[in-house]
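Asks: build me a model:
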Amino acid sequence: MALKKMEIELLADKIAVNLINSGHIKLKKDISILKSLIKDVLIEDARKEREIDIKTKELLGEYMSQIEHERVDTSKLFVMAKRKVAKKEGFIL
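Replies: Alright, predicted model coming up:
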């Protein structure tokens, strides 16, 4: 499930602070620049995941009559199909 805007902002803040506190990076400029870069990466990741969701729904939609006929657990099927679509797209969930 793709992150929501508020979750992205909170996560970006947390990642930036943790990177600084761990000593992995040293800032030469304001922390807001780092947070913005992290936020941009997370937003792009969420956008790609939403695309994967759409492609998965389209794929499953093609087989919906079979899925309903066989009484398949659609939530499990969606997760399995999403993993396959993501792998095909070169996207790590």
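
Asks: now the helices for the chain?
Replies: 5-22, 31-62, 64-70, 74-89 (DSSP state H).

Asks: make JSON lines from the ones you listed and add mean neighbour count and mean pLDDT to it.
Replies: Heads up, the C-betas are built off the backbone N, CA and C, glycines and all. Converted to JSON lines, those look like this (neighbours: other C-beta atoms under 10 Å; pLDDT from 0 to 100):
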{"stretch": "helix 5-22", "mean neighbour count": "14", "mean pLDDT": "95"}
{"stretch": "helix 31-62", "mean neighbour count": "15", "mean pLDDT": "95"}
{"stretch": "helix 64-70", "mean neighbour count": "10", "mean pLDDT": "89"}
{"stretch": "helix 74-89", "mean neighbour count": "14", "mean pLDDT": "95"}
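
Asks: quick one, phi/psi of Lys24?
Replies: Not quite, residue 24 is His, not Lys. Dihedral angles of His24 (phi, psi; degrees, to the nearest 10) stand at phi -70, psi -30.

Asks: look up how far Leu10 lies from it.
Replies: His24 is 20 Å from Leu10, where distance means C-beta to C-beta, to the nearest Å.

Asks: what of Ile92?
Replies: Distance from Ile92 to Leu10, by C-beta to C-beta: 22 Å.

Asks: same check, this time on Ala16
Replies: Distance from Ala16 to Leu10, by C-beta to C-beta: 11 Å.

Asks: likewise for Asp45?
Replies: 15 Å.

Asks: gap between His25 and Glu9?
Replies: Slight slip there: residue 25 is Ile, not His. According to C-beta to C-beta, Ile25 and Glu9 sit 20 Å apart.

Asks: er, Val72 I mean
Replies: 37 Å.

Asks: and what of Ala81?
Replies: From Ala81 to Glu9 the distance is 30 Å (C-beta to C-beta).
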